[in-house]
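A.B. asks: the sequence isn't on hand, but the structure is:
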């Protein structure tokens, strides 16, 4: 009798990713910080905000928070970040 091995994983074609262009500088920019609402994320983002302002000359930091880590951010929130920010950092922490 021979063994039959099955591969339970599914191959997913995710296509090629297109990344947003890098900013030439952070100086004078507005950066969005999107907290995905995991425990202690606010402390992590506080430190990121401090570094952005003191080391990189970021003019403004716009902070927003998702309802919960498992839910997608609303389209309204995405639209606001696209409209007001030069770049967005989505972060988590535990």
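C.D. replies: Looks like it arrived, so ask away. These figures come from a predicted structure and were not determined experimentally.

A.B. asks: mind listing what's buried in the lowest-mean-pLDDT helix or strand in the chain?
C.D. replies: When each helix and strand of the chain is scored by mean pLDDT, DSSP states H and E, strand 87-91 comes last, with a mean of 91. For strand 87-91, the neighbour count (16 or more other C-beta atoms under 10 Å) marks 87, 88 as buried. Yep, even glycine has a C-beta here, placed from its N, CA and C like the rest.

A.B. asks: same question, stretch 67-87
C.D. replies: 73, 77, 81, 85, 87.

A.B. asks: and the spatially closest residue to the second one that is not a sequence neighbour, what element?
C.D. replies: In space, and not counting its chain neighbours, residue 77 is closest to residue 64: 5.8 Å by C-beta to C-beta, 6 or more residues apart in numbering. Secondary-structure element containing residue 64, defined by DSSP states H and E: strand 60-65.

A.B. asks: so which other helices or strands are in contact with that strand?
C.D. replies: On a contact count with 3 or more C-beta pairs under 8 Å, 6 or more residues apart in numbering; DSSP states H and E, strand 60-65 meets strand 30-35, helix 41-56, helix 75-84.

A.B. asks: and residue 91, which of the ones you listed is closest to it?
C.D. replies: helix 41-56 (5.8 Å; C-beta to C-beta).

A.B. asks: mind listing what's buried in that closest one?
C.D. replies: Buried, per 16+ other C-beta under 10 Å, within helix 41-56: 41, 44, 45, 48, 49, 52.

A.B. asks: now the strand holding residue 64: average pLDDT?
C.D. replies: Strand 60-65 comes out with an average pLDDT of 97.

A.B. asks: tell me how far that strand lies from the chain's centre.
C.D. replies: 12 Å (C-alpha atoms, centre = their mean, to the nearest Å).

A.B. asks: ok, stretch 6-22 next?
C.D. replies: 18 Å.

A.B. asks: what does that stretch rub up against?
C.D. replies: For stretch 6-22, contacts defined as C-beta atoms under 8 Å, 6 or more residues apart in numbering pick out residue 87.

A.B. asks: now do the end-to-end distance for that stretch.
C.D. replies: Separation of the first and last residues of stretch 6-22 by C-alpha to C-alpha, to the nearest Å is 43 Å.
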